[in-house]
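Enquirer: no sequence for this one, just the structure:
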């Protein structure tokens, strides 16, 4: 049943749709986001740790028996079935792991599910009054809002409880956007419409780092971030305040470490990071943002994402952040440790 689904025009369309989404940094950053196609009990979904941008250039797809997951969700199972039950080994010769969000795709009965980390969506999904702002921006769209829940099985159960059979748009608190459809083309069109509606009329402008930041970082193992939109986080007092504090969304935590650290005047990166906690982004107020000299492509993508998100957050918004327990749960999770290992291997 897996081979026949993979030979359909719909699967070819999913591959091309996935590639287009994966090459748009306003939708997908690094290995984030995932897409799927299902028919009956068969589902093909993006593999964990792979990039949607690679769709078509390499095989990034994992077969899953979605019926196993659906039945467990319908029964209210507290834990996700083991992958040995879900992934048929004989149809997965590359031994890839399915996306962390495989159960989320199973929770939605539509043939096509597209999940992205749309920056315009995240910018509202981190706001305390995000539901009201979303309703104002999407007056003619039926959508569900699911407050932040740990990705994976817990999130799938929360989505299942929040949606109806007609729901085709789900906004995930502190996380991103999920859009469903009968075909990849209709789902992609809906995703673009929703993203465009959520885009603010004014996006704060990029700002290059000060010339002296590179000199200050010389020999420290840190360099200025490559994107002006990232430097604006430290050069704009409004964005600097937003960035200061604990983590705003999961992939920032996984690839850059908890929250953002500010380097006081006269301090060095070594002094600020001496406690050994994960940290791949440093804010120099009024000057710019630094990243490790050996930052991976995923790290760079998430550094840009921070700038893209905060450029779109309403200035008057109170923000919701991940709690220390949320952060610990993700960092100690085997599924995220797997993605981290792939990120390190890419460096």
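Expert: Received the coordinates, thanks. Keep in mind that what you see is a predicted model, and the values were worked out from it rather than measured. Residues are numbered from 1 along each chain as shown.

Enquirer: what lies in contact with the strand or helix carrying residue 190?
Expert: Using DSSP states H and E, residue 190 maps to helix 184-198. Contacting residues not belonging to helix 184-198 are listed as 10, 13-14, 16-17, 20-21, 26-27, 35, 37, 110, 112-114, 116, 118, 120-121, 123-124, 134, 137-138, 141, 143, 168-169, 177, 179-181 [CB atoms under 8 Å, 6 or more residues apart in numbering]. Placement of C-beta: from N, CA and C, glycine included.

Enquirer: average pLDDT across that helix?
Expert: Average pLDDT, helix 184-198: 98.

Enquirer: do the same with stretch 71-84
Expert: 95.

Enquirer: next, the contact list for residue 223, please.
Expert: Taking CB under 8 Å, 6+ apart as the test, what residue 223 contacts is 214, 217, 290-293.

Enquirer: and it, what element?
Expert: Residue 223 belongs to strand 222-224 when elements are defined using DSSP H and E.

Enquirer: so which residues of the stretch 51-200 of the chain form strands?
Expert: With strands called from DSSP state E, counting those that start in this stretch, the stretch 51-200 of the chain shows them at 61-65, 112-116, 144-146, 169-172, 176-181.

Enquirer: can you tell me which of the ones you listed is most buried?
Expert: Mean neighbours per residue, mean count of other CB atoms under 10 Å, is largest over the strands of the stretch 51-200 of the chain for strand 112-116, with a mean of 27.

Enquirer: need the contact partners of it.
Expert: So strand 112-116 is contacted by 10, 14, 17, 21, 27-28, 32-38, 101, 104-105, 176-184, 186-188, 191 (CB under 8 Å, 6+ apart).

Enquirer: give the ChimeraX command for selecting the buried subset of those residues.
Expert: Here is the ChimeraX selection string for the buried members of the contacts of strand 112-116, based on 16 or more other CB atoms under 10 Å:
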select :10,14,17,21,27,28,32,33,34,35,36,37,38,101,104,105,176,177,178,179,180,181,183,184,186,187,188,191
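
Enquirer: now, which of the contacts of residue 223 sits nearest residue 312?
Expert: Among the contacts of residue 223, residue 291 lies closest to residue 312 (CB to CB), at 21.3 Å.

Enquirer: just checking, the closest one touches residue 301?
Expert: No - between residue 291 and residue 301 there is no contact under CB atoms under 8 Å: 11.2 Å.

Enquirer: what is the burial count for the closest residue to residue 40 other than its chain neighbours?
Expert: Spatial nearest neighbour of residue 40, chain neighbours left out: residue 1 (6.5 Å); criterion: CB to CB, 6 or more residues apart in numbering. As a burial measure, residue 1 scores 14 neighbours (other CB atoms under 10 Å).

Enquirer: list the contacts for residue 1?
Expert: Counting by CB under 8 Å, 6+ apart, the residues that residue 1 touches are 39-42.

Enquirer: farthest pair within the residues you listed?
Expert: The span of the contacts of residue 1, defined through CB to CB, is set by 39 and 41 at 8.4 Å.

Enquirer: where in the stretch 51-200 of the chain is pLDDT low?
Expert: Across the stretch 51-200 of the chain, nothing is flagged by pLDDT under 70.

Enquirer: helices of that one, residue ranges please.
Expert: Counting by DSSP state H, counting those that start in this stretch, the stretch 51-200 of the chain has these helices, from start to end: 66-74, 83-86, 102-107, 119-125, 130-137, 153-162, 184-198.

Enquirer: what of the stretch 201-347 of the chain?
Expert: Secondary structure of the stretch 201-347 of the chain (DSSP H, counting those that start in this stretch): helices at 211-217, 228-235, 237-243, 250-256, 269-272, 297-310, 324-331, 334-345.

Enquirer: run through the bridge partners of the nearest residue to residue 33 once chain neighbours are set aside.
Expert: Excluding its sequence neighbours, the residue lying closest to residue 33 (CB to CB, 6+ apart) is residue 116, at 4.6 Å. Note on residue 116: beta-bridge partners by DSSP bridges are residue 177.

Enquirer: show the buried residues in the contacts of residue 223.
Expert: Buried, going by 16+ other CB under 10 Å: 217, 290-292, out of the contacts of residue 223.

Enquirer: thinking again about what came up before, tell me the mean pLDDT over the strand holding residue 223?
Expert: 98.
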